[in-house]
Structure formats: C-alpha cells, structure tokens
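Chemist: What follows is a predicted protein model with its sequence.
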Amino acid sequence: AKEAGKNNCQFYAKGMSASAVNYLLLENDLRRAIELEQLTLHYQPQFDLASGCLTGVEALVRWQHPERGLVSPAHFIPLAEETGLIVPLGEWVLRAACVQQKQWIDAGLNVPRVAVNLSTRQFRQRDFPGKVASVLRHSELPAEYLELEITESCAMEHAGETINQLNQLNQMGVQLSIDDFGTGYSSLAYLKRFPLAKLKIDSSFVFDLPLDQNDAAIARSIIGLAHNMQLTVVAEGVEKVHQAEWLLAEGCDQAQGFLYAKPLPADQFESHFNRAGEF
Ligand code: C2E
Ligand code: CA
Ligand code: CA
Ligand code: CA
C-alpha cells in the first residue's frame, strides 16, 4: 500500500509537472512584465444612450508578451490574483490610467472620466484609499476624473469593510461603480449604504437582448433598481443596434460595447476621438 501511495504520488507529480512548470514560468514572466512595463492599457469608451455623448472610458489591461503576443487579462488576472502579483499590477494600472487621463485633460481632449478595475485583494488593502490619494497627487489628476469599479461579489463579500473603504474614496471625490452587476448576490440593505455613482449591468444579460425574456426582465429590474437608488446605470457588452435601442427605450443611461468601439490603445483612441470631433 505504501509503494502504491508513493507511485501515486510520483504519478501525480509527473502529471502536474507540465502545467505547474508552465504556471511558474508564466508567474515569473508576469513578475518581470510588471517591472519591464510590458503591460499596456486599452481604453473602451462609454456613451450616453440618449445624446450619444462620450461619458468616459474604461481602462483594460493588456500584456504584450515577447513570445506569446498580446495576452488577454482573462488569462493572467486569475494568476495575478492567486500569486498576489495583482497588487503591484493593479497599482501600475491605476497610475498609468491617471497619468493618461491627465494628459488628455492637458491636451484639451474632453474625456470626462477614466474607470479602473480593482481586484478584491487590491481593494481590501487597509491603506488602499491612501494609495489612491497618493496616485492622484503624483499624477496631478483631480479626483472627479477617476472612477473605480469593484465587482458585485467583491463588494458584498465583506460588506461592512466595503462601506468603510468606499466612504473614504467617496470623500476624496472619486466615483464608485459596481461592475458585473447581477452576477453576484446583492444585499439591497448594503447596496443602499454604499456611496455609489453607477451600476454596470453584466454583459451576460445584454448579449441576448431583447429576445430572451429572462434577460430582458433582469436588465429591466436592474435599470429600475439603479434609478430608484439615484444611480446611473450602464449596459456592458452592447454589440447590436437592437440592444442599444431596447436599452434606450427601457431608460438605461449609458452603454459600452463593440457596437461603438473595441478597447483601443491610447493613440488610436485619440485619433478616433479627434476625427469624429467627439466620437
Ligand atoms: P470587465 O471589467 O467586465 O470588462 C469588460 C470586458 O468585456 C473587457 O474584456 C472588454 O474588452 C469586453 N467587451 C467590451 N465590449 C464588449 C462587447 O461588445 N462584446 C464582448 N463580447 N466583449 C466586450 P477584457 O479587456 O478581456 O477584460 C476581461 C476582464 O479582465 C475584465 O472584465 C476585468 O474583470 C478584468 N480586467 C481587465 N483589466 C483589468 C485591470 O486593470 N485590473 C483588474 N483587476 N481586472 C482587469
Ligand atoms: Ca469593468
Ligand atoms: Ca463588467
Ligand atoms: Ca466581466
């Protein structure tokens, strides 16, 4: 039995080795990527559905890997979260987005706001609001130009601490949004105590609009809930004109998605922006 156990163990170790090595390589690469600034941000615009005006941009991180090419955040954010690398990575993203937004203001480009995604680990750091204050100071970006997105599940996980962190950020003048709304389990009692500006309807409820009756019911409820709480509501993943028309008719405030623009590198975003006068 002992022998079998040992063999099992070896077998297990062998079976694991390829992916474990790959994982370690990727972890090392990611560590270096943060140091070498192989990370880059793409920006996806958001629009007011009724007027078509640009309301802001969301910063989305990309990894320009020397051999693997452009790596999607869906691949390395989970790894970064597990290893704790998400904290330096998230700080890099925050700094880069604030510096970019400040450049746009200085260049006279009317970008109303930049939204940055936060991971749970980053947001839960006790001194996180202080870190944001320091980034704003160094980039000389007024706080109202920064929006921070936390996911619904992150917000609800330790709701008491969430309120405390959000209050500090809100007092600084930063805008706060709940991302991927509808995918977690919200306590409405907590939701109303968070000092929020926005709810973002998760794209999974948007893709099959307006035909899917369940998605339509969910989207409608989120729009109603947001408005009852005086919050702005944004639909993500809008790809088709029909979705945008339905959302506008249902009173959704803003939209973001491939119908308008994919996430773009800053220079492409700027030339698009300049050519269109606005967008
Ligand atoms: P998210 O915050 O929900 O971001 C929206 C994702 O939907 C982005 O994927 C965006 O490119 C994609 N998207 C936008 N419009 C459409 C559309 O019309 N159709 C479809 N099919 N997709 C659309 P991306 O850039 O691959 O990012 C994936 C996720 O990675 C993000 O989801 C976010 O959770 C995470 N992420 C990205 N950047 C950061 C970051 O800087 N920090 C952290 N913590 N997470 C990030
Ligand atoms: Ca987001
Ligand atoms: Ca989202
Ligand atoms: Ca998402």
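Modeler: Cool, the structure landed. Ligands and ions are numbered 1, 2, ... in the order given.
Chemist: Now do the helices in the stretch 1-150 of the chain.
Modeler: 2-36, 73-83, 86-106, 120-124, 128-139 (DSSP state H, counting those that start in this stretch).
Chemist: Any regions of the stretch 151-279 of the chain where pLDDT drops low?
Modeler: 275-279 (pLDDT under 70).
Chemist: quick one, helices of it?
Modeler: Counting by DSSP H, counting those that start in this stretch, the helices of the stretch 151-279 of the chain are 152-157, 159-172, 188-191, 213-228, 241-249, 266-275.
Chemist: most packed of the ones you listed?
Modeler: Ranked by mean neighbour count, the helices of the stretch 151-279 of the chain are led by helix 152-157 with a mean of 19 (mean count of other CB atoms under 10 Å). (C-beta placed from N, C-alpha, C; glycine too.)
Chemist: Tabulate the CA atom coordinates of it in PDB.
Modeler: What follows is helix 152-157, C-alpha atoms only, in PDB (Å, rounded to 0.1, in the frame of the first residue of the first chain):
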ATOM      1  CA  GLU A 152     -20.600  43.000  -7.100                       C
ATOM      2  CA  SER A 153     -19.200  39.800  -5.500                       C
ATOM      3  CA  CYS A 154     -16.200  41.800  -4.100                       C
ATOM      4  CA  ALA A 155     -18.400  44.500  -2.700                       C
ATOM      5  CA  MET A 156     -20.700  42.100  -0.900                       C
ATOM      6  CA  GLU A 157     -18.100  39.700   0.400                       C
END
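Chemist: so how far is it from its chain's centroid?
Modeler: Remark: helix 152-157 is offset 14 Å from the chain centroid, using CA atoms, centre = their mean, to the nearest Å.
Chemist: Count the neighbours of the residue in the stretch 1-150 of the chain that ligand 3 sits nearest to for me.
Modeler: In the stretch 1-150 of the chain, the residue that lies nearest ligand 3 is Glu149 (7.3 Å; CB to the ion). Residues near Glu149, counting by other CB atoms under 10 Å, number 20.
Chemist: likewise Leu26?
Modeler: Counted with other CB under 10 Å, Leu26 comes out at 18.
Chemist: out of the helices of the stretch 151-279 of the chain, nearest to Leu109?
Modeler: Comparison of these against Leu109 by CB to CB identifies helix 266-275 as nearest, at 6.3 Å.
Chemist: Specify the angle between that closest one and helix 86-106 in degrees.
Modeler: 30 degrees (axes from the mean of the first three to the mean of the last three CA atoms, to 10 degrees).
Chemist: so what's Asp48 up against?
Modeler: Contacts here follow CB atoms under 8 Å, 6 or more residues apart in numbering; on that basis Asp48 touches Leu54, Thr55, Asp253, Gln254.
Chemist: Ignore what I typed, I meant Leu54.
Modeler: Pro45, Gln46, Phe47, Asp48, Asn110, Val111, Pro112, Phe273, Glu278, Phe279.
Chemist: Of those, which is the nearest to Leu196?
Modeler: Gln46 (16.0 Å).
Chemist: what's the distance between Gln44 and Tyr260?
Modeler: 8 Å (CB to CB, to the nearest Å).
Chemist: neighbour count winner among these two?
Modeler: Gln44 (20 against 17).
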